[in-house]
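>>> I would like the atomic coordinates for the input below:
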Amino acid sequence: MADITEVGQALVAAIAQAAYPNGTTQASVGNCPILVYQGWPNPQQLEADVRAGKVHISVFPRPGDRVTSVMAGDGDWQEQSNDGTQGVSICEVRRQTRNFQITVWASCFDRRDPVAKAIDSALATVTRLTLADGSQGVMTYLNSTQDDDQQKQGIYRRDLFYAVNYPTTQTETDYAIKEIDLSVRRVVDATDPNSAALGSKVTVALTATSVSTTITS
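Presented below is the predicted three-dimensional model:
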């Protein structure tokens, strides 16, 4: 179920891994607390945190996207999971590209620059993002900017812009046939050719396959 929220979550996870390469119990790449999240920061909370020596990294989807391919009716279904009783299959029906703004916020350039450099370097090696539904997003670097206009408020920032191409998918829940009950009863030697008992009766009972479909974008 990939949409801009799931893409944002995948970016947050990749950035958090880059900010704390040895885990959150160890020091960050900037030797300071780093908060990574989706959305635009709350101004009051941001100002209080950077004054306390923390660094924020926000992930924000830019307005607008563009469709890059449409595969409705032509996509291949792929089994994503199966526990023996039911499984989930997924099919791509469309792909689109959305630009994301990743902003490093800090109280001074001495805190901003090492963190921004480490995040930029780590993301440069990421070309694919695994999304929550198991599908893949393709990430491409666009450009970066540096903004010191808020230095009077003690806020320094660097923006990194990435484009992510991700799918709209259909998913199906497939239920396995658990049991086939086949019984045959044949009646012979009936003297009346019109007897209802003459002939064969075959009864087949199947546990039907049930499919539910979800379209996500």
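>>> switch to C-alpha atoms for all contacts and neighbour counts from now on
OK.
>>> can you map out the strands along this protein?
Under the criterion DSSP state E, the chain contains strands at 34-38, 55-70, 78-82, 86-106, 128-130, 136-147, 156-175, 180-187, 199-206, 211-216.
>>> Next, the residue nearest the centre of the chain: phi, psi?
Nearest to the geometric centre of the chain sits Leu131, at 2.3 Å (C-alpha atoms, centre = their mean). Main-chain dihedrals, Leu131, degrees, to the nearest 10: phi -90, psi 170.
>>> now it: how far from Thr68?
Computed as C-alpha to C-alpha, to the nearest Å, the Leu131 to Thr68 distance reads 18 Å.
>>> do Pro167 as well
Separation of Pro167 from Thr68 (C-alpha to C-alpha) stands at 10 Å.
>>> Please apply the same query to Ile119.
28 Å.
>>> same deal with Arg95?
6 Å.
>>> When the two are compared, which one has more neighbours?
Between Arg95 and Thr68, Arg95 has the larger neighbour count (other C-alpha atoms under 10 Å), namely 18 against 12.
>>> okay, that one: pLDDT?
Arg95 carries a pLDDT value of 90.
>>> what is it paired to in the beta sheet?
In this entry, Arg95 is beta-bridged to Ser69, Pro167, by DSSP bridges.
>>> Surely Arg128 and Ser135 touch.
No: using C-alpha atoms under 8 Å as the test, Arg128 is too far from Ser135 to be in contact (9.9 Å).
>>> Compare neighbour counts for those two and give me the winner.
Neighbours per residue (other C-alpha under 10 Å) separate Arg128 from Ser135, with Ser135 holding more: 19 against 15.
>>> Now do the contacts for that one.
Applying C-alpha atoms under 8 Å, 6 or more residues apart in numbering to Ser135 gives the contacts Ala2, Pro167.
>>> Please determine how far it is located from Val7.
According to C-alpha to C-alpha, Ser135 and Val7 sit 10 Å apart.
>>> what about the residue lying closest to Gly154 once chain neighbours are set aside, how many neighbours?
Excluding its sequence neighbours, the residue lying closest to Gly154 (C-alpha to C-alpha, 6 or more residues apart in numbering) is Ser107, at 5.1 Å. Residues lying near Ser107 (other C-alpha under 10 Å) number 25.
>>> pLDDT score assigned to Ser107?
95.
>>> Could you check how far it is from Ile4?
Look at Ser107 and Ile4: by C-alpha to C-alpha, they are 29 Å apart.
>>> what number of residues lie near the nearest residue to Gln86 once chain neighbours are set aside?
Excluding the flanking residues, the one nearest Gln86 by C-alpha to C-alpha, 6+ apart is Tyr175, at 4.3 Å. Using other C-alpha under 10 Å, Tyr175 is surrounded by 18 other residues.
>>> what do you get for Lys117?
A count of nearby residues for Lys117, using other C-alpha under 10 Å, gives 14.
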